[in-house]
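Q: This is a predicted model, with the sequence first.
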Amino acid sequence: MKTRIWGAQMDIIDMARQSGMAVILDGRIGREEYLSVCGSLSALQKFADAVRDKTANPKPGDGYGRRPVRSVSRN
């Protein structure tokens, strides 16, 4: 499952598993899956670090990195 975070596209379910978290399929309705993620505080910290690293250190061609800032005009 690819998710966009700050313009970065990443597989957060795979990242959660790699961080040591358990990903549990709670149910499926049609094509939609409902998942739960649980784990220790250290696993949560590893996951947060992985998300931060993906958004802060984009690789060319990955489509990762922060999206450009748009200016907002006020009338």
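A: It's in. Residues are numbered from 1 along each chain as shown.

Q: which stretches of the protein form helices?
A: 12-18, 41-56 (DSSP state H).

Q: do you know how far residue 30 is from residue 23?
A: Residue 30 sits 20 Å away from residue 23, going by Cβ to Cβ, to the nearest Å. Glycine gets a C-beta too; all of them are placed from N, C-alpha and C.

Q: no wait, residue 57
A: Distance from residue 57 to residue 23, by Cβ to Cβ: 24 Å.

Q: Output the below-cut-off pLDDT ranges for the chain.
A: 1-9, 58-75 (pLDDT under 70).

Q: and with 90 instead?
A: Counting by pLDDT under 90, the chain has low-confidence residues at 1-12, 51-75.

Q: Indicate which one of the helices of the chain is closest to residue 34.
A: Evaluated with Cβ to Cβ, the helices of the chain place helix 12-18 nearest to residue 34, the distance being 12.2 Å.

Q: which other helices and strands contact the closest one?
A: strand 22-29, strand 32-38, helix 41-56 (3 or more Cβ pairs under 8 Å, 6 or more residues apart in numbering; DSSP states H and E).

Q: how about the CA coordinates for it, as PDB?
A: The C-alpha coordinates for helix 12-18 follow below in PDB (Å, rounded to 0.1, in the frame of the first residue of the first chain):
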ATOM      1  CA  ILE A  12       4.000   2.500   5.100                       C
ATOM      2  CA  ILE A  13       2.800  -1.000   5.800                       C
ATOM      3  CA  ASP A  14       6.100  -2.500   4.700                       C
ATOM      4  CA  MET A  15       8.000   0.200   6.600                       C
ATOM      5  CA  ALA A  16       6.000  -0.700   9.800                       C
ATOM      6  CA  ARG A  17       6.900  -4.400   9.400                       C
ATOM      7  CA  GLN A  18      10.600  -3.600   8.800                       C
END
